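In: coords please:
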Amino acid sequence: MPALLYDTGALVAAERRHPLIWRLHDRANAARIAPVVLVVVLVQAWRGGPQHNLSRLLRGCRIMPDDEISGRAAGRACAAAGTSDVVDALVVVTATQLAAPVVTSDPDDLTHLAVSLGATLALHAL
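Out: Numbers count the residues shown, from 1 in each chain. As a prediction, this is how the structure comes out:
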């Protein structure tokens, strides 16, 4: 696994001490993989301090900013899927670009977006 991407549900699960996210995270870090967290995903999950578990998870992650190219691609994904969830669309677009599996609590919505783009995603459902 060259990369791993967390969606908002993964960050919320980490804060709630869900054992699966921590097993995946520890395995990735042991393999010297820093899972990717998009800034918009962090915005959606962060509610101010203290969020000790989430903060601990983020120390082992790579925070990735969004850019115009990703924004336009996510907008096209929303149009193709008939949805307005730009965060999920950015996750799908980025996962496709990185060929990275996504750790998610929302596999149905991500799959719908991916299918609308003609893409296939590997998902780790929480």
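
In: how much space between Q44 and I63?
Out: 13 Å (Cβ to Cβ, to the nearest Å). From N, CA and C alone the C-beta is placed, and that goes for glycine too.

In: Q97 now?
Out: Counting by Cβ to Cβ - Q97 and I63 are separated by 16 Å.

In: Repeat that for L113.
Out: 22 Å.

In: and these two? which has more neighbours close in?
Out: Taking L113 and I63 together and counting by other Cβ atoms under 10 Å, L113 has the greater number of neighbours (27 against 12).

In: Secondary structure element for the residue lying closest to that one once chain neighbours are set aside, which one?
Out: Using Cβ to Cβ, 6 or more residues apart in numbering and skipping the chain neighbours, the partner closest in space to L113 is V92 (4.3 Å). Taking DSSP states H and E as the definition, V92 sits inside helix 86-98.

In: how many neighbours does the residue lying closest to T104 once chain neighbours are set aside have?
Out: Leaving aside its chain neighbours, T104 sits nearest to D7 (4.5 Å; criterion: Cβ to Cβ, 6+ apart). For D7, the neighbour count with other Cβ under 10 Å is 30.

In: The one 3 residues further on too?
Out: The criterion is other Cβ under 10 Å. On that basis, A10 has 28 neighbouring residues.

In: thinking it is in contact with I21, fair?
Out: Yes: under the criterion of Cβ atoms under 8 Å, A10 makes contact with I21 at 5.5 Å.

In: So the residue lying farthest from the centre of the chain, which state does it fall into?
Out: Farthest-out residue of the chain from its mean C-alpha position, per Cα atoms, centre = their mean: P50, at 21.7 Å. Put simply, P50 is coil when judged by DSSP: H, G, I helix; E, B strand; the rest coil.

In: Which of the helices or strands spans V103?
Out: Here V103 is assigned to strand 102-104, by DSSP H and E.

In: What lies in contact with that strand?
Out: 4-7, 9-10, 21, 24, 35, 91-92, 95, 110, 121-126 (Cβ atoms under 8 Å, 6 or more residues apart in numbering).
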